[in-house]
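**Q** Structure of the sequence below:
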Amino acid sequence: MEEVDRFLKEQKLRSSDLDIENLVAIFTKEMIRGLEGMESSLRMIPTYIEAENDFLTEVPVLAIDAGGTNFRAAVIRFSPTGNIKYDRIVNYRMPGLEKEISAKEFFGTLAGYIRPLAERTERIGFCFSYPTEILPDRDGRLIQFCKEVQAPEVVGQLIGKNLLETLGTPEKHLVLLNDTVATLLAGKSASLNKTYDSFIGYILGTGTNTCYIEHNRNITKNKSLHQDRSQIINIESGNFGLTPRRALDLVFDNSTMNPGNYTFEKMFSGGYFGGLCLTVLKAAASEGLLSGEASGRLNKISELATGEANNFVANMNSADNILLDCFAEERDRRVSAYIIDTLIDRAAKLVAANIASVVLKTGKGTRPERPVLLTIDGTTFYKLHNLKIRFEKYFSEFLDGERRRYVEFTEVEQSSLIGAALAGLID
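**A** Sure thing, here's the model as predicted:
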């Protein structure tokens, strides 16, 4: 593998080519600039949700989870000890998937989905995972839908207000939030029997994002905030733009539909990692690291799913994996798996730098009896081959010595629904 190592070194694609200390310093600086309203690749969006407040127990709340192509809802109640009681969970398709619909049709369909459940509570938590500007009253104005949903009239509309008016119940208490914030709050539901110093939510699935709790006095871009309080900040960390990207990162970025946007998540998230692997494998082939037959077959591939790249490197050989069709020779398979594995190792270090930056920014977790609770969701984090193990190694090595922080990790099933419910129960 000497020639392969030389290629990876020249392209600077190894984890050892990343200076995590410098990366954390730059990420933290971008966080501060975003909080101050200065130009920054991290938007640092206020959510107006004060997660450190207690939430109501034994009060029913309608939890809604809308994102991608699926819509789910349930009435949920939390006991004082943290037990969660679900009523019937309903599952539907998001309206506007089959054809373009009007705003009236969109909100009418959603109201029809939840009306029987909404009649049983005065509180609603709505996890709405599309780009949305959150307002001080905790409603939100839609910026854009993902391409699957065809309802252009809804863009620019207030989601909560329109839904409640369509239900005929404008007086109900509704809180809008995204899935990363819901993940943080779902972790908080596990804290009733233990004291945590703070909470962080992290998602690594198709994309990636991070949120945490910040003091209002540090959010200087908004002078109207109560200075003695705090709130969850949606970092939009997938858009971090100061990572030292390499030549092949740029080649891949330029092949995507939105070059220059969300460049951080294009280095490791599930929606992009397969495409990055394909770009690097083709470059390796052009350097003569693969056989002529393998190179020819590889160059005919236009897309590579992250799942296929992952199954290949994990040696989970399914008959329909496109990479297996490319590499008839054992050497080609070993070289390609080695390259993909190196990119996963780099990804683990990037994730460690992201989360370590946020942990340090909280200023919390300095005592073992009061750790920070980090709730992580997303199939890419848990399923990408050895990513989690390598992340934990880089993370613990960096947060040691003078930077020592105590952090607990958790995963919460149904985190979007649980987090939405908690948002609706925080006054």
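
**Q** Check the offset of whichever strand or helix holds Leu117 from the chain's centre.
**A** Leu117 is part of helix 103-118 when elements are defined by DSSP states H and E. With Cα atoms, centre = their mean, to the nearest Å as the basis, helix 103-118 stands 27 Å off its chain's centre.

**Q** Quick one: list the elements packing against that helix.
**A** strand 61-67, strand 70-78, strand 90-93, helix 159-167 (3 or more Cβ pairs under 8 Å, 6 or more residues apart in numbering; DSSP states H and E). All C-beta atoms are positioned from the backbone trio N, CA, C, and that covers glycine.

**Q** need these in JSON lines with mean neighbour count, mean pLDDT and distance to Ser102, can you?
**A** What follows is the helices and strands packed on helix 103-118, written out as JSON lines (neighbours: other Cβ atoms under 10 Å; pLDDT from 0 to 100; distance: least, Cβ to Cβ, whole Å):
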{"stretch": "strand 61-67", "mean neighbour count": "25", "mean pLDDT": "95", "distance to Ser102": "18"}
{"stretch": "strand 70-78", "mean neighbour count": "21", "mean pLDDT": "95", "distance to Ser102": "18"}
{"stretch": "strand 90-93", "mean neighbour count": "14", "mean pLDDT": "95", "distance to Ser102": "17"}
{"stretch": "helix 159-167", "mean neighbour count": "20", "mean pLDDT": "98", "distance to Ser102": "12"}
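
**Q** For my notes, please list the ones you listed in JSON lines and give distance to Val407 for each entry.
**A** Formatted as JSON lines, those follow (distance: least, Cβ to Cβ, whole Å):
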{"stretch": "strand 61-67", "distance to Val407": "27"}
{"stretch": "strand 70-78", "distance to Val407": "25"}
{"stretch": "strand 90-93", "distance to Val407": "34"}
{"stretch": "helix 159-167", "distance to Val407": "33"}
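
**Q** Sketch out the low-pLDDT regions of this protein for me.
**A** 147, 317-319 (pLDDT under 70).

**Q** Strands of that one, start to end?
**A** Ranges of strands within the chain are 45-46, 61-67, 70-78, 84-86, 90-93, 123-128, 132-134, 140-142, 173-177, 198-204, 208-215, 230-234, 372-377, 407-410, based on DSSP state E.

**Q** Identify the residues contacting the first one?
**A** Looking back up the chat, that one is strand 45-46. Strand 45-46 is contacted from outside by 133-134, 219, 222, 225, 231, 233-236, using Cβ atoms under 8 Å, 6 or more residues apart in numbering.

**Q** Of those - the most surrounded one?
**A** Ile235 (29 neighbours; other Cβ atoms under 10 Å).

**Q** how many other residues sit next to the closest residue to it other than its chain neighbours?
**A** Leaving out its chain neighbours, the residue that sits closest to Ile235 by Cβ to Cβ, 6 or more residues apart in numbering is Thr210, at 4.7 Å. Thr210 has 29 neighbouring residues, counting by other Cβ under 10 Å.

**Q** Which strand residues bridge Thr210?
**A** Tyr202 (DSSP bridges).

**Q** That one contacts Val359, doesn't it?
**A** No: in this structure, Thr210 is not within contact of Val359 by Cβ atoms under 8 Å, at 10.2 Å.

**Q** quick one, helices of the stretch 301-427 of the chain?
**A** In the stretch 301-427 of the chain, the segments counted as helices under DSSP state H, counting those that start in this stretch are 306-313, 322-326, 330-362, 379-383, 387-398, 415-425.

**Q** mind checking which of those is nearest Val90?
**A** helix 415-425 (11.0 Å; Cβ to Cβ).

**Q** chain center to the closest one: distance?
**A** On Cα atoms, centre = their mean, the centre of helix 415-425 falls 16 Å from the chain's centre.

**Q** Report all helices and strands that that helix contacts.
**A** Partner elements for helix 415-425 (3+ Cβ pairs under 8 Å, 6+ apart): strand 61-67, strand 70-78, strand 123-128, strand 173-177, helix 179-188.

**Q** Go again with 10 Å.
**A** strand 61-67, strand 70-78, strand 84-86, strand 123-128, strand 173-177, helix 179-188, strand 198-204, strand 372-377 (3 or more Cβ pairs under 10 Å, 6 or more residues apart in numbering; DSSP states H and E).

**Q** which strands and helices sit next to the fifth one?
**A** Looking back up the chat, that one is strand 173-177. strand 61-67, strand 123-128, strand 132-134, strand 140-142, helix 159-167, helix 179-188, helix 415-425.

**Q** got those as JSON lines, with distance to Leu18 columns?
**A** As requested, these are exported to JSON lines (distance: least, Cβ to Cβ, whole Å):
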{"stretch": "strand 61-67", "distance to Leu18": "31"}
{"stretch": "strand 123-128", "distance to Leu18": "33"}
{"stretch": "strand 132-134", "distance to Leu18": "33"}
{"stretch": "strand 140-142", "distance to Leu18": "35"}
{"stretch": "helix 159-167", "distance to Leu18": "39"}
{"stretch": "helix 179-188", "distance to Leu18": "24"}
{"stretch": "helix 415-425", "distance to Leu18": "29"}
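
**Q** Nearest to Thr380, out of the ones you listed?
**A** Using Cβ to Cβ, those put helix 179-188 closest to Thr380, at 13.9 Å.

**Q** can you pull the buried residues of the closest one?
**A** Applying a neighbour-count criterion of 16 or more other Cβ atoms under 10 Å, the buried positions in helix 179-188 are 179-188.

**Q** Which one of the strands of the chain lies nearest to Ile32?
**A** When the strands of the chain are compared (using Cβ to Cβ), the closest one is strand 208-215, at 10.4 Å.

**Q** Take the closest one, keep the C-alpha atoms, and write them as PDB.
**A** Listed next in PDB are the C-alpha coordinates belonging to strand 208-215 (Å, rounded to 0.1, in the frame of the first residue of the first chain):
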ATOM      1  CA  THR A 208     -25.300  17.300   9.700                       C
ATOM      2  CA  ASN A 209     -26.000  20.000  12.200                       C
ATOM      3  CA  THR A 210     -25.400  20.900  15.900                       C
ATOM      4  CA  CYS A 211     -27.200  22.900  18.500                       C
ATOM      5  CA  TYR A 212     -26.400  23.900  22.100                       C
ATOM      6  CA  ILE A 213     -27.500  26.300  24.900                       C
ATOM      7  CA  GLU A 214     -26.000  29.800  24.900                       C
ATOM      8  CA  HIS A 215     -26.400  32.700  27.300                       C
END
